[in-house]
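# make a model of this:
(one chain, ligands or ions: 1)
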Amino acid sequence: MPERPPAIVARGIQRAFGRVQALRGVDLTVPYGEVTALVGPNGAGKTTLLLILATLLMHDDGGVSVAGHDPVEDPGAVRAKIGWMPDSFGVYDQLTTDEYLTFFADAYRLPAAAAARRIAELLELVHLTEYRHQPVHVLSRGQKQRLGVARSLVHEPEILLLDEPASGLDPRSRVELRDLLRGLAADGAAVLVSSHILAELSEMADRVVFVADGVTAGEHRLDELTPATHRWRIQARDPDDLAEALSAFGVTATEAGGGHEVELDGDDAAADLLADLVTDGVRVTAFTPLGRTLEDAYLDLTDDRR
Ligand SMILES: Nc1ncnc2c1ncn2[C@@H]1O[C@H](COP(=O)(O)OP(=O)(O)OP(=O)(O)O)[C@@H](O)[C@H]1O
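Have a look, this model is predicted:
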């Protein structure tokens, strides 16, 4: 079977607001079946880019294709395929959560019976079933955020664009959001999510696109950013015993993070050193590989752009 073309391809996107050049040439590819994270400092242009992809803002230059359609030439075709969750969205306070979702189901022309089924399913998914008949204004910020996620899924879109969806969510809701997005990607959807919470994205995303100062600063697979580690942190009941043993084995160590950090040649060397330490009577309590974090990569990539 031929490989499916990417859900979103953007090349050289530019957009100015008066004298502010918000986007100076952003490139982005978002494949189906994966979660792509859009990461960048405040003012980098993430929201501007998402608005363009969501057909809500026109770009000045460059080319964009969303689900095979041009958002400027054919916004209706794009809107039918995307689910959009802005970073702040108005909710119609006097409507109940059920009515709120029904309003959007109507906008997407879902037949009434299908809409009722879909809304019940979505309220269950975002744990708001018990608020079905409550007006939206009684919902907490996090609950409104979850309602926003449900709203973006009403018409079962194949592409999801989410601007900072985790902000305002408590830890449990964040984990649930992560699992939900991973599940949608596993079912074939293309998910593009912007966020500042890097630790969380590293568990949620397959790919990351760094944007800084209106340009793409890097586009990577997450597993490429965390290559086989060569540094480990070792801790022992008695740190002096550990230091002595390392020195006796000729291993250079530096004290850091409440333990000793060492550089080794790979997993086999690490396993050998651990065995030697234990045989030598050192009571090792932790032997931790120090991978490169998403945060390290982000700081490297944006270093000269501050
Ligand atoms: N409607 C607008 N009018 C004028 N300037 C704007 C407008 N929208 C965005 N900008 C400017 O464009 C730049 C990019 O803004 P954007 O909101 O896209 O960044 P962001 O990466 O989403 O930031 P944040 O992480 O803080 O949400 C900023 O300098 C911002 O001030």
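# what about Arg174, distance to Leu181?
According to CB to CB, to the nearest Å, Arg174 stands 11 Å off from Leu181. C-beta: built from backbone N, CA, C; applies to glycine.
# next structured bit after the longest helix along the chain?
Longest among the helix segments of the chain by residue count, using DSSP state H, is helix 171-186. Following helix 171-186 in sequence order, the next helix or strand is strand 190-194 (DSSP states H and E).
# contacting residues for the spatially closest residue to Val149 that is not a sequence neighbour?
Nearest residue to Val149 in three dimensions, chain neighbours excluded: Val126, at 5.7 Å (CB to CB, 6 or more residues apart in numbering). By CB atoms under 8 Å, 6 or more residues apart in numbering, Val126 lies in contact with Arg146, Leu147, Val149, Ala150, Leu180.
# in what helix or strand does the second one lie?
When elements are assigned from DSSP H and E, Leu147 belongs to helix 141-153.
# give me the helices and strands touching that helix, please.
strand 82-85, helix 97-107, helix 112-125, strand 159-163, helix 171-186 (3 or more CB pairs under 8 Å, 6 or more residues apart in numbering; DSSP states H and E).
# near the ligand, which residues of the stretch 1-150 of the chain?
The stretch 1-150 of the chain comes close to the ligand at residues Phe17, Val20, Ala22, Gly40, Asn42, Gly43, Ala44, Gly45, Lys46, Thr47, Thr48, as judged by CB under 6 Å from any ligand atom.
# distance check, the residue nearest to Val149 against the ligand.
23 Å (CB to the nearest ligand atom, to the nearest Å).
# what does Glu219 give?
According to CB to the nearest ligand atom, Glu219 and the ligand sit 16 Å apart.
# secondary structure element for that residue?
Assessed by DSSP H and E, Glu219 sits inside strand 215-221.
# in that strand, what's buried?
Across strand 215-221, burial judged by 16 or more other CB atoms under 10 Å covers Val215, Thr216, Ala217, Gly218.
# for Glu255, state which of those is nearest.
Gly218 (32.7 Å; CB to CB).
# and the closest one, what pLDDT?
Here the pLDDT value assigned to Gly218 is 85.
# what is it paired to in the beta sheet?
Following DSSP bridges, Gly218 is listed with bridge partners Phe210.
# for it, give its distance to Arg207.
Gly218 is 11 Å from Arg207, where distance means CB to CB.
# ditto for Gly214
20 Å.
# who's more crowded, these two?
Per other CB atoms under 10 Å, whichever of Gly214 and Arg207 has more neighbours is Gly214, with 23 against 20.
# what pLDDT is listed against that one?
Looking at Gly214, its pLDDT is 92.
# point out where the stretch 51-200 of the chain drops to low pLDDT.
Per-residue confidence for the stretch 51-200 of the chain (pLDDT under 70) gives these ranges: 89, 91.
# contacting residues for the residue located most distally from the centre of the chain?
Distance to the chain centre peaks in the chain at Ala248, reaching 45.1 Å (criterion: CA atoms, centre = their mean). Residues in contact with Ala248 (CB under 8 Å, 6+ apart) are Asp280.
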